[in-house]
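Asks: okay, sequence plus prediction incoming.
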Amino acid sequence: MERLSFVGFPFGVSVKVSYKSRRCLCSIRGVAAVGPSSVGFPTAPSNSHEEEEKSALLCTWSHIEDMVRRLGDEMEGSDFDAVVAITRGGLIPATLLCERKGWRNLLSATAVFYSDSGVKIFGMTEPRFLHFPEASQLDGKRVLVVDDVWDSGKTGVAVRERCRRAGAAVVKLAVLHFKPSRNVFANDGPDFYADKTDRWIMYPWETMDSENFGQKAP
């Protein structure tokens with residue numbers, strides 16, 4: 001276990017890195033941080049996300065609540081008949097957004113494309129659906145698709161287009177984070193997003209083994 005500090009976070013962070021999964025497990029200890037302004041991860045065999053991991057963007061629950069609040073404000077005047085959460089990352093943002101807006105028709109779509117370590121699954125060039133709502137649940141409806149991040153954009157676009165093929169009258173897409181430099185679709189992107197970034201993002205639900213993580217905003 002190595003003690004490091006993250007960019008912009010004025011407290012101690014304990015970091016444990018798994019070489020196998022390339023995921024970082026963090027816990028807030030409430031101790032003033034000293035040291036470098038960004039995280040350097042121990043090196044294992046390099047992958048396409050090595051540079052992003054060197055300065056990970058650490059989101060607390062308070063950050064998530066603030067971003068959902070801003071998304072809700074951005075959607076002021078818009079109404080939707082159904083919300084489709086892309087699992088797993090979109091489930092919590094979609095639930096919080098539905099609570100804020102009073103929407104009750106929350107559905108889910110499961111598409112696999114990336115592993116937990118953020119690397120595309122071998123042999124896959126497009127997302128593969130494991131679960132999707134019945135067409136009757138979307139036909140003629142105004143649909144909001146929610147995910148945590150638009151990275152390449154392939155998953156969000158695949159879900160959006162399948163909603164359209166199911167007969168949805170309107171389909172909009174909302175994410176917490178938009179990564180424009182990694183977007184593979186020219187002149188396309190999420191309809192609503194809370195923040196832009198090009199950094200590796202760590203959400204609080206990805207570090208659930210740390211019981212005190214994210215309880216206080218920095």
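Replies: Nice, thanks for sending it over.
Asks: so what's residue 75 closest to, chain neighbours aside?
Replies: Distance criterion C-beta to C-beta, 6 or more residues apart in numbering; nearest residue to residue 75, sequence neighbours excluded, is residue 192 at 6.1 Å. Placement of C-beta: from N, CA and C, glycine included.
Asks: so the one you found touches residue 74, yeah?
Replies: Yes. Using C-beta atoms under 8 Å as the test, residue 192 is close enough to residue 74 to be in contact (5.2 Å).
Asks: strands of the chain, residue ranges please.
Replies: 2-4, 13-17, 24-28, 57-58, 82-87, 106-112, 128-131, 142-150, 170-178, 192-196, 201-202 (DSSP state E).
Asks: deepest of the ones you listed, which one?
Replies: Of all the strands of the chain, strand 142-150 carries the top mean neighbour count, a mean of 25, counting by mean count of other C-beta atoms under 10 Å.
Asks: quick one: strands adjacent to it?
Replies: The strands beside strand 142-150 in its sheet (DSSP bridges) come out as strand 82-87 (parallel), strand 170-178 (parallel).
Asks: and the ones you listed: which comes nearest residue 150?
Replies: Residue 150 lies closest, by C-beta to C-beta, to one member of these: strand 170-178, at 4.7 Å.
Asks: go ahead and produce CSV holding the CA coordinates of that closest one.
Replies: Extracted in CSV, the C-alpha atoms of strand 170-178 (Å, rounded to 0.1, in the frame of the first residue of the first chain):
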residue,chain,number,x,y,z
VAL,A,170,-37.1,11.1,-29.6
VAL,A,171,-33.8,9.9,-28.2
LYS,A,172,-31.4,12.1,-26.2
LEU,A,173,-28.2,11.0,-24.5
ALA,A,174,-26.8,12.3,-21.2
VAL,A,175,-23.5,11.5,-19.5
LEU,A,176,-21.5,12.8,-16.5
HIS,A,177,-18.3,13.2,-18.4
PHE,A,178,-17.6,13.8,-22.1
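Asks: show residues contacting that strand.
Replies: 57, 59, 64, 67-68, 71, 75, 78, 80, 90, 93, 97, 142-150, 156, 159-160, 163-164, 189-197, 201 (C-beta atoms under 8 Å, 6 or more residues apart in numbering).
Asks: list the contacts for residue 97?
Replies: Counted by C-beta under 8 Å, 6+ apart, residue 97 has contacts 68, 71, 72, 83, 103, 146, 174.
Asks: what residue ranges in this structure score low on pLDDT?
Replies: 1-54, 113-126, 207-218 (pLDDT under 70).
Asks: would you map the helices across it?
Replies: Secondary structure of the chain (DSSP state H): helices at 50-53, 61-74, 91-101, 154-165.
Asks: now distance to residue 135 too, for the ones you listed, in TSV please.
Replies: Shown next, in TSV, are the helices of the chain (distance: least, C-beta to C-beta, whole Å):
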stretch	distance to residue 135
helix 50-53	37
helix 61-74	27
helix 91-101	20
helix 154-165	8
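Asks: quick one: which of these is nearest residue 179?
Replies: helix 50-53 (9.3 Å).
Asks: where does residue 75 fall, phi/psi-wise?
Replies: phi -90, psi 10 (degrees, to the nearest 10).
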